[in-house]
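Student: Predicted model follows, preceded by the sequence.
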Amino acid sequence: MNLTKKLMNFGIGMVILVIIWQVVIWLGGYQEALLPSPLSVGKAIIDLIIEGIIFVHLQVSLGRFAAGYLMAVFPAILLGMFLGRSPRVWQVIDPIVQVLRPVAPVAWSPFIVLWFGIGNMPAIAIIFIAAFFPVLLSTVAGVKKINPSYLKIAENLEIRNWELMYKFIFPAAFPAVVSGLRLALGTAWIFLVAGEMIGAQSGLGFLIVDSRNTLNLDYVLAGIIFIGVCGFLLDRMISVLERWVGKYYGMMA
């Protein structure tokens, strides 16, 4: 599907969403104070762009997200590749991961605030927790599913240690790694906003909370729309990374 068709489908989807939104307002008889109309929110979006407010908060949120996400995924991939190749060690680590993984990152926020104070670090720590486990588990699963014949070929070629990881293990497990990266991205983006709603003084989450406190619900919905669009664009970036790595290892044309 070419870019034009993708943009057309995206535009059609957004138009349908706006129509449903307006119909809900008409059928429910909601006042602007309860559910702002698409027109009001559109004006709020334009105001945020013209005044530059959205770019300030967006820059802060993306910076926090990049820091926490990258700090999580690189060690998670490396550790996952090691644990996937070490079944006996994984049998010990797995129960620990399964106990910690279901705990929502924001549940750690009282300790995170005590340890890191206020500012950027609490949000970065929450993103780290949110992104680490999905990537780790997906990488371990991907490594464990590698066809043993590939490893036998590597053994015959006397490829071992880091060369084995780089040339065989990582490419073979990469589809599972990408699934983990995509899942982690969505989860981390959600908890970034949640973290900024708790203790931050800037960012998209703070913009929403601040707008709610001043009863500017059109700005609240505008912030929500920016969050959704940014999440969509970040997911597209993962697709671009997937294609680039696939071409690098000769897994796709």
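Tutor: Alright, I've got the coordinates. Numbers count the residues shown, from 1 in each chain.

Student: Okay, buried residues for the one helix or strand F191 maps to please.
Tutor: Following DSSP states H and E, one finds F191 within helix 170-199. In terms of neighbour count (16 or more other C-beta atoms under 10 Å), helix 170-199 has its buried residues at 170-174, 176-199. From N, CA and C alone the C-beta is placed, and that goes for glycine too.

Student: do stretch 204-222 as well
Tutor: For stretch 204-222, by 16+ other C-beta under 10 Å, it's 204-211, 216-222.

Student: In this protein, what residue spans correspond to helices?
Tutor: Remark: helices assigned in the chain by DSSP state H are 3-28, 38-51, 53-84, 87-100, 109-116, 120-144, 148-156, 161-164, 170-199, 204-213, 217-248.

Student: got the angle for the third one vs helix 87-100?
Tutor: So the one you mean is helix 53-84. 140 degrees (axes from the mean of the first three to the mean of the last three C-alpha atoms, to 10 degrees).

Student: what does the fifth one give?
Tutor: Direction vectors for helix 109-116 and helix 87-100, defined by the same axes, to 10 degrees, enclose an angle of 110 degrees.

Student: helices and strands around helix 109-116, which ones?
Tutor: In terms of contacts (3 or more C-beta pairs under 8 Å, 6 or more residues apart in numbering; DSSP states H and E), helix 109-116 is packed against helix 120-144, helix 170-199.

Student: ok, 7 Å please
Tutor: helix 120-144 (3 or more C-beta pairs under 7 Å, 6 or more residues apart in numbering; DSSP states H and E).

Student: again, but for the first one
Tutor: Counting contacts by 3+ C-beta pairs under 7 Å, 6+ apart, helix 3-28 packs against helix 38-51.

Student: May I see the buried residues of the helix it packs on?
Tutor: In helix 38-51, counting by 16+ other C-beta under 10 Å, buried: 38, 40-42, 44-45, 48.

Student: Can you pick out the most distant pair from those?
Tutor: P38 and L48 (15.3 Å; C-beta to C-beta).

Student: Correct me if wrong: F206 contacts G195.
Tutor: No: at 10.0 Å, F206 and G195 do not qualify as touching, with contact defined as C-beta atoms under 7 Å.

Student: Count the residues that sit near L241.
Tutor: 13 (other C-beta atoms under 10 Å).

Student: Centre of the chain to the edge, which residue is at the far end?
Tutor: N156 (39.5 Å; C-alpha atoms, centre = their mean).

Student: gap between that residue and I146?
Tutor: 16 Å (C-beta to C-beta, to the nearest Å).

Student: got it, and K247?
Tutor: 21 Å.

Student: coming back round to it: now flag whichever of the buried residues of stretch 204-222 is closest to G52.
Tutor: Using C-beta to C-beta, the buried residues of stretch 204-222 come closest to G52 at L207, 12.6 Å.

Student: I227 contacts F191, doesn't it?
Tutor: No: contact criterion C-beta under 7 Å: I227 and F191 do not qualify, at 12.0 Å.

Student: residue closest to the middle of the chain?
Tutor: Centre-most residue of the chain, counting by C-alpha atoms, centre = their mean: L185, 1.7 Å.
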